[in-house]
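Participant: Sharing a model prediction with you, sequence too.
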Amino acid sequence: MLAISDTLGIPDSEIECSAIRAQGAGGQNINKVSTAIHLRFDVVASSLPEEYKERLLQLNDQRITKDGVIVIKAQAFRSQEKNRDAALSRLQQLLRSVEVMPKARKATRPTWGSRQRRLEDKKVRAKLKSARAKPPTV
């Protein structure tokens, strides 16, 4: 069971982990041993509450496919167990990021002072740029 919060967790049966060979340099160990972990978690078919599912699917994250499957590849460590723990912790972080509903932004207008400062800065900038121009030829 992967704990997301005090009241919410994901059963291990919903998380699919498979061992694959890692990429990159590493000599014989890379060529012989499957230490990298490929984790797949189907958001749509999971037992997560609907609010979590909606927020997860709305995320603009490259780890989430169009079908609603989270794919995480962990290959930073030389042992399969450490890579599995790393992949599970990344999944946990992703799920915790959608736990809290973001506050809706309340539209506001710029203050009188901020508008005056902006116009003053524009005048200063314009004066600086006009000073760079070549003088007119007579």
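Facilitator: Now that the structure is in, tell me what you want to look at.

Participant: From now on I want contacts and neighbour counts done on CA atoms only, so please keep to that.
Facilitator: Fine.

Participant: So in this protein, which helix runs the longest?
Facilitator: If you go by DSSP state H, the chain has its longest helix at helix 112-132.

Participant: Which strands or helices does that helix pack on?
Facilitator: Contact here means 3 or more C-alpha pairs under 8 Å, 6 or more residues apart in numbering; DSSP states H and E; on that basis helix 112-132 packs against no helix or strand.

Participant: Output it as CSV - backbone C-alpha positions only.
Facilitator: Provided in CSV are the C-alpha atoms of helix 112-132 (Å, rounded to 0.1, in the frame of the first residue of the first chain):
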residue,chain,number,x,y,z
TRP,A,112,-3.3,54.3,-9.1
GLY,A,113,0.3,54.3,-7.7
SER,A,114,1.4,51.3,-9.7
ARG,A,115,0.0,52.8,-12.9
GLN,A,116,1.9,56.1,-12.2
ARG,A,117,5.1,54.2,-11.5
ARG,A,118,4.8,52.2,-14.8
LEU,A,119,4.2,55.4,-16.8
GLU,A,120,7.2,57.1,-15.1
ASP,A,121,9.4,54.1,-15.9
LYS,A,122,8.3,54.2,-19.5
LYS,A,123,9.2,57.9,-19.7
VAL,A,124,12.7,57.2,-18.3
ARG,A,125,13.2,54.4,-20.7
ALA,A,126,12.1,56.4,-23.7
LYS,A,127,14.4,59.3,-22.7
LEU,A,128,17.3,56.8,-22.4
LYS,A,129,16.6,55.3,-25.8
SER,A,130,16.1,58.7,-27.6
ALA,A,131,19.5,59.8,-26.2
ARG,A,132,21.1,56.9,-28.0
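
Participant: which stretches of this structure form strands?
Facilitator: For the chain, the strands defined by DSSP state E cover 2-3, 9-10, 15-20, 36-42, 69-74.

Participant: So in the chain, where's the weakest helix or strand by average pLDDT?
Facilitator: Across the helices and strands of the chain, the lowest-confidence element by mean pLDDT, DSSP states H and E is helix 28-32, at a mean of 74.

Participant: What lies in contact with it?
Facilitator: 21-24 (C-alpha atoms under 8 Å, 6 or more residues apart in numbering).

Participant: Narrow the residues you listed to those that are buried.
Facilitator: 21-22 (16 or more other C-alpha atoms under 10 Å).
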